[in-house]
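Chemist: Structure, please.
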Amino acid sequence: MKKSIQQAFFTLLISLLALPALKAQGPDAFGYTWKTSNEVDGPTYNWIDITSVGTQVTGLADDNSVAFVQMGMDFHFYWSDYNKIKIGSNGWLSFDNVSNIASCFPVIPTMGGPNNLICPMMSDLNFDNGSPGKVYTYHDQTPGDEKFIISYEGVTFWTQANPIFGSSTFQVILSKADNSITFQYATMEPDFAYTCTGSGKVAAGIENLTGNIGLQVYSGTVPPSSTAVKFYYPQVITLNIIDAGPTANLNSENEGIFLATSSTVQLNTTVSNTGNTAIASETVVGAMVTSFPDGMPVYADDQSVPSLAVGASQAVNFVSEVVDWTPGTYYFDVVCSNIDDINPSNDLNSTEINVLDTLGGIATFGYVTGANAGTFIQWAGGGDGSGGGGIEIESPFYPIIIGGVEAGIAGGSTDGFTFRIFDDDGPNGGPGTELSSQTITAGDFTAGSWNQYLLENPVTITSGSFYLGWFMEGNNVGLLVETEGPLSNRSYEILSNSWAKYRTPGDIMLRAIAEIPPPPPSATKDILTDSQVEVYPNPSFGDFTIDNTKGQFLVENPRIYNTLGAVVYEGKQSISVGQKMQVQVDLPAGIFYLELKTTEGKRVVRKVAVD
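Modeler: Purely as a prediction, here's the structure:
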């Protein structure tokens, strides 16, 4: 339990200090202030041209970001140090692994979304459609004046009327010497017509890692040309924040996973000190897995972290137990509790777990739960086959053969669309080699519902993940998005063939249907294909009969494999020709493979289903 007095103090502090931070100058709750070059004691506008000495950033498109860029130095932002930064196409930077921020843009600061932001001009910018825009970075190692510079050069706005409208050039200077942040605006497009207003159109400012402290300088207007804005790190810090939270469940991206019913998974998380004060007291870390939508618990465990230094993180492994998984969707919730923690906003982290139904040797991979769609994807200008949505899928077993796909098509859609499957051999494990493609023509689908298609060219996946993409073949077609239930963080929006994490919480309504071929226990050439050995009943509840009354050879040493190829049962019995044997095994529901060896050195393999 957290102290209610501390919670009340933190809430009061934010309400009193964070909201006035939107006014000129600040300070915010931490103590940052800002001034412009128009003020007598403000910064001097002095553009630094890095186009000839810097490194050009590649991979920016429309509504996306690139992988972390190493700065070559440590920079102190609020109460943490960082040596790498994310660069977004829409004029934002982040020290968190943010994938995408798209319009309409949030007010700065805003909790519950992308945080840890430096936004010189967060707006709907576009590096596609022939835009001349470029971004450069440069690490200036001048002794006593070390700094990292990010320059946006000649970037264009995306508008409905013109996807590459105007031209703006601006930069960010991160100074290691005094921890200051300077925005410089060279030649800026005065204004542009846009559907969103206020900060939803343009926002400039800074925001801390929890999203509740920050400063917004510009809202709804493009910053003026030949202007500088400087954010000053506080000389005296009076706000001591003790804050521990679960920052990464199962993987660094908090991405949902798939399991087989027979899987044993090591549940884990990472607990981080996101405050500016060392945590000396114990942090209790609780884990619970509950089924969706009934909320029935299937697993629970508590661990503890004795202490955490400022900026430190610690991996926490929960007790490994055999969970009686049944096919369906689950929440994996981790909650941190510390008596000194004064920020409850980041104490809970939820991750989606999907348990596959492999009955019949078929598995359907998807993140939707069956709830009604809350919105849909339909990109203006994306109807040329370059816009759409997609999901990433990582199977818990291999090989699998992707033989079918499903899509929830928005009501009122009349144009066709194309499915594409990609390998994960692209940059940073993203979509790379196209493995299969299939176009669905107008009229060959039912709008407002799920649609299933068999692939003309099935794809075999033997390792890693793959990406299933859906692409618009006309402007009047949409892909449904589910916004309820556990969320996978594996949904993508696709603009100009560039993939970026979907901008709002939701799971795109796509599924891949896979065949699970029998795992070869050993060389397949030894399998006796004409054996008369029978297994019944099939399906069973784990009690079945092996009938060798019509067999040609004695069979022995029954062994049962799950779909992962792992041995789940092994016996020493033998069954002579003309005999039967009853087998009783405690197995979860699913598909398994029974192997029997013969005295002739051959093997008999039978697929068995357990209900």
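
Chemist: OK, contacts around the nearest residue to residue 602 once chain neighbours are set aside?
Modeler: Leaving aside its chain neighbours, residue 602 sits nearest to residue 528 (4.2 Å; criterion: C-beta to C-beta, 6 or more residues apart in numbering). (C-beta placed from N, C-alpha, C; glycine too.) Contacts here follow C-beta atoms under 8 Å, 6 or more residues apart in numbering; on that basis residue 528 touches 553, 598, 602-604.

Chemist: Nearest to residue 534 among those residues?
Modeler: Proximity of the contacts of residue 528 to residue 534 (C-beta to C-beta) peaks at residue 604, which lies at 10.3 Å.

Chemist: looking at the sheet around that closest one, what are its partners?
Modeler: Beta bridges link residue 604 to residue 596 when assigned by DSSP bridges.

Chemist: again, but for the one 4 residues further on
Modeler: When bridges are called by DSSP bridges, residue 608 pairs up with residue 592.

Chemist: Return the set of buried residues in stretch 413-424.
Modeler: 413, 415-424 (16 or more other C-beta atoms under 10 Å).

Chemist: what's the answer for stretch 379-397, then?
Modeler: Of the residues in stretch 379-397, those buried by neighbour count under the rule 16+ other C-beta under 10 Å are 379, 381-383, 385-397.

Chemist: Going along the chain, name the helices of the stretch 1-150 of the chain.
Modeler: 4-17 (DSSP state H, counting those that start in this stretch).

Chemist: in the protein, which residue is closest to the centre?
Modeler: The C-alpha lying nearest the average C-alpha coordinate of the chain belongs to residue 489 (C-alpha atoms, centre = their mean; 3.3 Å).

Chemist: Kindly confirm whether my reading is correct that residue 67 touches residue 430.
Modeler: No - under the criterion of C-beta atoms under 8 Å, residue 67 lies out of contact with residue 430, with a separation of 9.2 Å.

Chemist: out of the two, which sits in the busier spot?
Modeler: residue 430 (19 against 15; other C-beta atoms under 10 Å).

Chemist: How much space separates the nearest residue to that one once chain neighbours are set aside from residue 473?
Modeler: Of all residues not flanking residue 430 in the chain, residue 499 sits nearest, at 6.1 Å (C-beta to C-beta, 6+ apart). Applying C-beta to C-beta, to the nearest Å, the value for residue 499 to residue 473 is 18 Å.

Chemist: So the two - more neighbours on which side?
Modeler: Relative neighbour count places residue 499 above the other of residue 499 and residue 473, with 23 against 18, counting by other C-beta under 10 Å.

Chemist: Contact partners for the more buried one?
Modeler: With C-beta under 8 Å, 6+ apart, residue 499 has these contacts: 64, 390, 430-431, 467, 469, 492-493.

Chemist: residue contacts, the closest residue to residue 426 other than its chain neighbours?
Modeler: In space, not counting the residues next to it along the chain, residue 426 is nearest to residue 432; the distance is 3.3 Å by C-beta to C-beta, 6+ apart. Taking C-beta under 8 Å, 6+ apart, we find residue 432 in contact with 422-426.

Chemist: so where do the strands sit in the stretch 151-300 of the chain?
Modeler: For the stretch 151-300 of the chain, strands defined by DSSP state E, counting those that start in this stretch occupy the ranges 165-175, 181-185, 202-207, 214-219, 227-232, 244-249, 257-259, 268-273, 283-292, 297-305.

Chemist: what does the fifth one rub up against?
Modeler: What it means is strand 227-232. With contacts defined as C-beta under 8 Å, 6+ apart, strand 227-232 is touched by 32-38, 42-46, 178, 180-185, 204, 206, 215, 217, 223.

Chemist: Selection in PyMOL covering whichever of the residues you listed are buried, please.
Modeler: A single PyMOL command selects the buried members of the contacts of strand 227-232 (16+ other C-beta under 10 Å):
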select buried, resi 32+33+34+35+36+37+43+45+180+181+182+183+184+185+204+206+215+217+223
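
Chemist: quick one: residue 127 and residue 90 touch, right?
Modeler: No - in this structure, residue 127 sits apart from residue 90 without contact. The criterion is C-beta under 8 Å, and the distance is 9.8 Å.

Chemist: Out of the contacts of residue 499, which sit inside strands?
Modeler: Those of the contacts of residue 499 mapping onto strands are 390, 467, 469, 492-493, per DSSP state E.

Chemist: Make a markdown table out of those residues and add pLDDT.
Modeler: As requested, these are arranged in a markdown table below (pLDDT from 0 to 100):
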| residue | pLDDT |
| --- | --- |
| 390 | 97 |
| 467 | 98 |
| 469 | 98 |
| 492 | 94 |
| 493 | 92 |
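
Chemist: ok, which pair from those is furthest apart?
Modeler: Using C-beta to C-beta, the ones in strands among the contacts of residue 499 span at most 12.7 Å, a distance reached by 467 and 493.

Chemist: Counting neighbours, which of the contacts of residue 528 end up buried?
Modeler: Buried by 16+ other C-beta under 10 Å: 553, 598, 602-604, out of the contacts of residue 528.

Chemist: buried residues in the top strand by length along the chain?
Modeler: Under DSSP E, the strand in the chain containing the largest number of residues is strand 449-461. By neighbour count, with 16+ other C-beta under 10 Å as the criterion, the buried positions of strand 449-461 are 455, 458-459, 461.

Chemist: of all those residues, which two lie farthest apart?
Modeler: Taking every pair in the buried residues of strand 449-461 and measuring C-beta to C-beta, the maximum separation is 12.7 Å, between 455 and 461.

Chemist: ok, now how distant is residue 247 from residue 319?
Modeler: The spacing between residue 247 and residue 319, counted by C-beta to C-beta, is 21 Å.

Chemist: More neighbours: which of those two?
Modeler: Remark: of residue 247 and residue 319, residue 247 carries more neighbours, 20 against 12, as counted by other C-beta under 10 Å.

Chemist: Spatially nearest residue to the more buried one (excluding sequence neighbours)?
Modeler: Once flanking residues are discounted, residue 247 sits nearest to residue 272: 4.4 Å by C-beta to C-beta, 6+ apart.

Chemist: what sits against the one you found?
Modeler: With contacts defined as C-beta under 8 Å, 6+ apart, residue 272 is in contact with 244-247, 308, 312-314.

Chemist: got a pLDDT number for residue 158?
Modeler: Turning to residue 158, the model gives it a pLDDT of 92.

Chemist: burial of the closest residue to it other than its chain neighbours, as a residue count?
Modeler: Distances taken as C-beta to C-beta, 6+ apart put residue 126 closest to residue 158, at 4.0 Å, once the chain neighbours are dropped. Residue 126 has 25 neighbours, counted by other C-beta under 10 Å.
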